[in-house]
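1. Got a sequence here, can you model it:
(chains A, B and C)
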Amino acid sequence: MDIKDFIAPFAVWKRAFEKPFTVKKPIDERPGAPRYRGFHINDADKCVGCGTCEAICMNRAIDLVPVEGRDAKEGDSGLRPRVDYGRCCWCALCVDICPSGSLNMSNEYVWIDSDPDVFRYTPGVEPKPWDGSALGYRRAEGYRLLDGTRVPMPELDHHEAVKSFLELVRGWSREQAEKEADRCVSCGLCIASCPAHMEIPGYIKAVRDGDLETGLRLLYQTNPFPEACGRICTHRCEEACSIGTDGDPVAIRWLKRYIADQVELADYSKALPRKEASSGKRVAIVGAGPGGLSAAYYLALLGHEVTVHEKDEAAGGMLRYGIPEYRLPYPALDKDIGYIESLGVKIERGAPVGEGRSLASLRERFDAVFLSTGLPAAYGLDVPGEKHPRVLDGVAVLAAATRGQVLGLGARVAVVGGGNVAMDAARTALRNGASVDILYRRREEDMPADPDEIREAKAEGARLVEKAIPLEVKDAGGKARFVWNEATMVQKEAGKRPVPEPIPGAIHEEIYDSVISAIGQGPELSYIAEADGVEIRRFKPVVDRDGLATAAGKAPVFAGGDLVNDRKDAISAIADGHRAASAIDRLLSGKGA
Amino acid sequence: MRRQNEHVIPPETRATPDLSSGKYLVMWQGPQHPGITGNMSLRLVADGDTVVDCETHVGYLHRGFEKLMERRLWMQNFPLVCRIAVPEPDFNEYCYAAALEELAGVTVPEKAVWLRTLSLEMIRLASFLMWIGGQAGAFGHGTIAQWSVTMRDYVLDLFEELSGGRIYHMYIIPGGVRGDVPDGFLDHVLETMQVIKKNLDDIELVMFHNAVFKMRAVGLGYIPPDWVDKYGITGPNARSAGVARDLRKDLGYLAYPQLDFKLITGGRSDAFERAELRLAEMYQSIDLIRQIVARMPKDGPFRERLPNPLHWKIPAGETYVAAECTRGEYGFYVVSDGGDKPRRVAVRGPSYTHAVSVMERLVRGVNIADVAGLMVSLHTYPPEIER
Amino acid sequence: MNTASFQETLDFAIGRERAAVEFYRELTGKAAFAAQKSALAEFMAMEEGHVAMLTGMKSRGAVNLSPGAAVDLGLARRLAAEEEPTAAMDFQDILVAAIKKEERSGDLYRSLVAAALDPDVKAIFERLEAEESRHKRYFEELYETQVARDN
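-> Model prediction:
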C-alpha cells in the first residue's frame, strides 16, 4: 500500500469534465444498425404462404393465417405468416429459410403500444410504419439454408440423342435422388395443383428415408402410372413448388420416376394394397389410355370385374401412340400396365366400340361403363391444298413410329403447330434423319408445348419459325410447297392474348418432302348414339363432378380424360379415372353419392 | 488488512452450528441481490459478522434447455443455445455448432473460422467488461461499473452491426456464420478497441491502485493450487492459482493456433490477483482482436452448405466440444442417434463448480460484507448452472 | 325513315337469319351421330334467337344493336373450306362452316351499307354488319380454343 493507492481513485473526477457517453434522444440519435433484427416485414405479393417459416420457427411464433382478399390459387396457399411477438425470439431463421425471400426484418428499434394484441400481427398485410424499409436483417449474399439448385439430371448429349430413339433422360442414382429430395420443404403447395392430388411431400420423404416401398404405395394411392408420369407428366406441381419461387423447383417428376424405377415389378405386390373381395359387379371401360386404365386399376382394387375395350393392338393410348419412346420407353409403360393387368383387369385389344359392339350393348352387359376415348383425330390444317398427299397428320406419324412402320418423311420436313404433338413429331422426324422446321402461328413464349420439349427440340436441331400463318399447300413435283404469311403480334383487346396479324406481302414459301400438321386434335364420338342419352355439348360429353354422363336407362355411363377435361394431359385423365372409379364403386355398392 | 501470505484455508467439512442456540444468524443472500450475479441464492449462517456455513441454492432459473433441445430439430436449437449463458451467448453457439459439425463431418470454411474467433474474443471482452463492473461494484466502486458497462455496450454495438443482435447474436450457425462482415465494420472494431483500451487504462488506475479495493480483495478467497484438479476449477480461477491451463492453447481450436498470445498465470490466487489477471486478459483480448482483424482472409465463403435444416439428420455418435470462455472450460456434450433431433445435449459450464462447490467452501470464515465480492471474484453465471 | 323501309330492312335481315336456321337444319339432316347433332342444334338455336330478337325489334319499331364491331381474329379469310360438310363432319368442319357463313353475312351487309341511299337504312345495315361480326368472332374464338389449340 503506498500513497498512490489513496490518490489515484480521485482520477475519476476528470471524467466529470468529459463529454458523456450517453445520448439525449436514443431513438433519434442512434438508429438500428443496417442489419439489425427489428420487426418482420413481408412482401405479401411475393410470399406464397408455403409455411416454411412456420416450420422452422422453434418457438411456434408463426402461424399461417387466412388473409382477406387473398384466395388460395395454384402455387399460393392464400395464407400469410402471422408473427406473435409474445413468442418470437428474433432469431430470423424464418428470414433465412423463406423460399421466396419475401420475409425480412426492418431495423426498427422500438414499438410501443398499450394494446397487447397488436403484437400479434401479419406482416405485409397489416400496414406498419416500417413496411418497405430497405434496412434491417436480410439473408446475406451467398447464404441460404435451402438449396435453390436442382441436382442435374443426366441426359444424352443432343447430338447423340438425335441419332436414336434411346431414352434421353437417364434417371438418378440413389445419392442424387436423395439429395434432390432433401430440397423439399414439405409445404404441400404441389398437392393442390396436381390434378390427381398426389401425396407428393410424402413420397419425397420416402425417397429421403430410402423407403421406396412406402413411396410406391403413396404413388399408387392416386396414380397407377408412376413410370409414365415420372417421365412425361406436365408437372404442374413443379410450377407450384415453393422452392421454385427463388430457385429451381424440386424435380418432383424425376423423383416419382426414381421410386418406380427402383422397385421391380415383381416386388410391387409387396408394397401395394391387395384387392378387395369380388363384388360380383362388372364394369366396361372404353379406351385403354391413362384415364381408362386408372379407372380400371381402382375399380379392380375395389373388387369389381373390369373389362377394357381398346381399339388399338396395344394398351396405353396416347402414352404409347402419341409419346415417342425416347421420352417414354415402352418397357416403362408396360410395367405400369402390367401391374394393372396383374390385378385381373381384362384388356381386349383391337376391340373398338362402335359397329357391332355398341355402347348400348355394353350398357346391357355391364353394370357401369366408363368412356375415355381421348382425342384421337387430328384436326386438319384447313388451308387450300391441305389434302395434298405430303400433308401428314402428326398424331398418325407418331402412331406409325410406335408401330415401327417406315415413315418415309423425306429429307425436309415442316411441322405446323406449337404443342407437344408438334414437338414430338419434329423430334421423331429429326431421329429419322430429316431437317425440320417447326412453324408456329404465334411466338415461342405462346407455345402450349412443355418448355423442356421446345428447348430440347431446338437443341436437337429443329429450326423454329415463329409467327407463320399457314396460307396454302401447293404441289411442287410431288413435294409440298408450303406457303405462309409472316405475322406480327397485335394486342387487339386488353387482357386477351395478342393476335397474329398477317403482314401484307410478307409471304414466304418453302418446299418440303412432308408437312406434318399438328394444330390440334379432336374426339372420335361417332360411337355415341342419340339413343344412349349421353348429353354432348360441343363435341364433349357433359359430365358431373364425378364424371357421370348419364344414369338413365341401363348401366350408368361415366366419362373422363382428354375427351372431357380441358387440361388434356395424362395426369388429369388419371385423376378423372380415379374419381370415376370411386363414383362407380359408390353407385354399384349402393353407398350413395 | 490481510497480508498476502496469510492464507487461511477454509475447512473441508461443513460446520454444524446449533441454530437453536441463539448464537447464530441465518440469512439469505439472493435470489434478488445485486451481489449474487444472477438468479441463485446463498443461505448463510453467520456468527457475528463471520460466515460459518453456506448453502448454495439454485433452481430459480431452470428453463430445461437440454430437454427442450431433444424435441427440436438440430437447426432449431441454434437460436436456443445462446440463451444458456446470457452474457456470453457466443460460446454456446460455437460449442453447439462445432459439435454438430464434428458429428456430421462438416468442415467450416476458413473465413468462418476467423469470424468465429473474432466473435468469441469480442464477447470475451464484453463479458469481462461486465464482470469488472460487478467486481468494482461489489466493493462499492459503482463509477467503474458505469464506465465498463458503457464500454460493453460499445462492443454490443459492434455485434449489432455484425449479426443484427445485441445480446443474442445467433451468428455462429452450424456450417459457418450467417454473414460476412459489413462494409466498414473492421474499422469500427479497431476504433472501438482504441476507446476501450483507453478506458481500461483508467480503470487500472482507479481500481487497482485503490486502498479500499486492495484492503478488501487482497487475500480474499484464496484457492490453493491443489484444489484446481480436485474441484475442476478452470479458467482465470485456475490460472491465478498458478496452473497454466487454457483451452485456447491446449486444444488449439479455431484460429487460436495462428494467433500470437501468451498464457497469463499468477500464483497468489486471491480475489485481487484474479481481478488483475482478468484485466490482463482483457488487454490480451484487445490484442487478439487486432490480430484477427489484420490477418483474417478478406474473401471466401463463410458458410458450408448443409442439408435442408427441416430434414437434417446427423449420423449416430457422440462428442464433447469445449472452448475457453471467460470463466474457464465451456463444453457441449452432444449425442445423436442418427435422427433429426439431438438424443441428448449436456452443457458443462464452469459456474457449476465455481459457484456451488468452490463458493460453499471459500465462504467459510469470510466477513458477510465480503461475500458478494468473493462471489464476483469467482466470475460465475448462474444461468449456465441450471440450463 | 318511313315505316315501310324500316319494316323492309328488318324483314330482309330476319330472312337472312331464317336462312341460317335452315342452313343448320340442312346440316343436321346430314349428321350421323349425336355429337354433331348437338353442336348443330346449339348453333341453330342461336340463330333462332336472332330471328326472335329481330322480330321483336321490328314490332317495337327500333333497332337496338350496338354499332361496335367485334375484333376480327382473321381466321375466316384463311380457312379453306367452301365445301359443304359431310356426314363425317367433326367439330372443326362445323365451326369452319359457321365462321364462313357469318363471314358471308357480314360481307353482304357491308355491300348493302355501301349501296344504301337512305342514311337511316344505312345505319341499320351498319349495325347488322357489326352484329354479324360479333357472331363470327364468337365462332372464331371457339375455333381458337377448341380446335386450333396447338397453333
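2. Show me which residues of the stretch 51-200 of chain B are close to chain A?
-> Within the stretch 51-200 of chain B, the positions near chain A by C-beta under 8 Å from any C-beta of the partner chain are B:72-73, B:75-80, B:141, B:143, B:147, B:150, B:157, B:160-165, B:168, B:170, B:178-180, B:182. Bear in mind the C-beta positions are built from the backbone N, C-alpha and C, glycine included.
3. Which of these are buried? Put it as a PyMOL command.
-> To isolate the buried ones among those in PyMOL, judged by 16 or more other C-beta atoms under 10 Å in any protein chain shown, type:
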select buried, chain B and resi 72+73+75+76+77+78+79+80+141+143+147+150+160+161+162+163+164+165+168+170+178+179+180+182
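4. Can you tell me which of the residues of the stretch 51-200 of chain B next to chain A end up in helices?
-> The helices, defined by DSSP state H, take in B:78, B:79, B:80, B:143, B:147, B:150, B:157, B:160, B:161, B:162, B:163 from these.
5. So which of those sits lowest on pLDDT?
-> By pLDDT, residue B:143 ranks lowest within these, coming in at 87.
6. so who does that one touch?
-> A:12, A:15, B:136, B:206 (C-beta atoms under 8 Å, 6 or more residues apart in numbering or on different chains).
7. hmm, 7 Å instead?
-> Residues in contact with residue B:143 (C-beta atoms under 7 Å, 6 or more residues apart in numbering or on different chains) are residue A:12.
8. Run through the helices of the stretch 151-300 of chain B in chain order.
-> B:185-208, B:211-217, B:225-227, B:236-240, B:247-250, B:271-295 (DSSP state H, counting those that start in this stretch).
9. Look up phi and psi at residue B:299.
-> Backbone dihedrals for residue B:299, given as degrees, to the nearest 10, come out at phi -120, psi -170.
10. Can you tell me the SS state at residue A:45?
-> coil (DSSP: H, G, I helix; E, B strand; the rest coil).
11. what's the closest of the ones in helices among the residues of the stretch 51-200 of chain B next to chain A to chain A?
-> Nearest to chain A among those, counting by C-beta to the nearest C-beta, is residue B:79 at 3.3 Å.
12. contacts for stretch A:294-303?
-> A:224-225, A:273, A:275-279, A:283, A:285, A:306, A:308, A:340, A:343-345, A:370, A:573-574, A:577-578, A:580-582, A:584-585.
13. distance of whichever residue of the stretch 401-550 of chain A sits closest to chain B from chain C?
-> Using C-beta to the nearest C-beta, the closest approach of the stretch 401-550 of chain A to chain B is made by residue A:452 at 25.0 Å. Distance, residue A:452 to chain C, using C-beta to the nearest C-beta, to the nearest Å: 16 Å.
14. part of a helix, is that residue?
-> Yes - using three-state DSSP, the assignment for residue A:452 is a helix.
15. Quick check: the two most widely separated of the ones in helices among the residues of the stretch 51-200 of chain B next to chain A?
-> B:78 and B:143 (38.6 Å; C-beta to C-beta).
16. how many neighbours does residue B:262 have?
-> Residue B:262 has 9 neighbours, counted by other C-beta atoms under 10 Å in any protein chain shown.
17. Residue A:573 touches residue A:563, doesn't it?
-> No - if you go by C-beta atoms under 7 Å, residue A:573 and residue A:563 don't touch, sitting 8.7 Å apart.
18. residues shared between the contacts of the two?
-> Common neighbours of residue A:573 and residue A:563 (criterion: C-beta under 7 Å, 6+ apart): residue A:372.
19. Please say which of those two ends up with more neighbours.
-> Set residue A:573 next to residue A:563 and count neighbours by other C-beta under 10 Å: residue A:573 wins out with 33 against 26.
20. how far away is the more buried one from residue A:583?
-> Separation of residue A:573 from residue A:583 (C-beta to C-beta, to the nearest Å): 16 Å.
21. looking at the helices of the stretch 151-300 of chain B, which is buried most?
-> Most buried of those, by mean neighbour count (mean count of other C-beta atoms under 10 Å in any protein chain shown): helix B:236-240, with a mean of 28.
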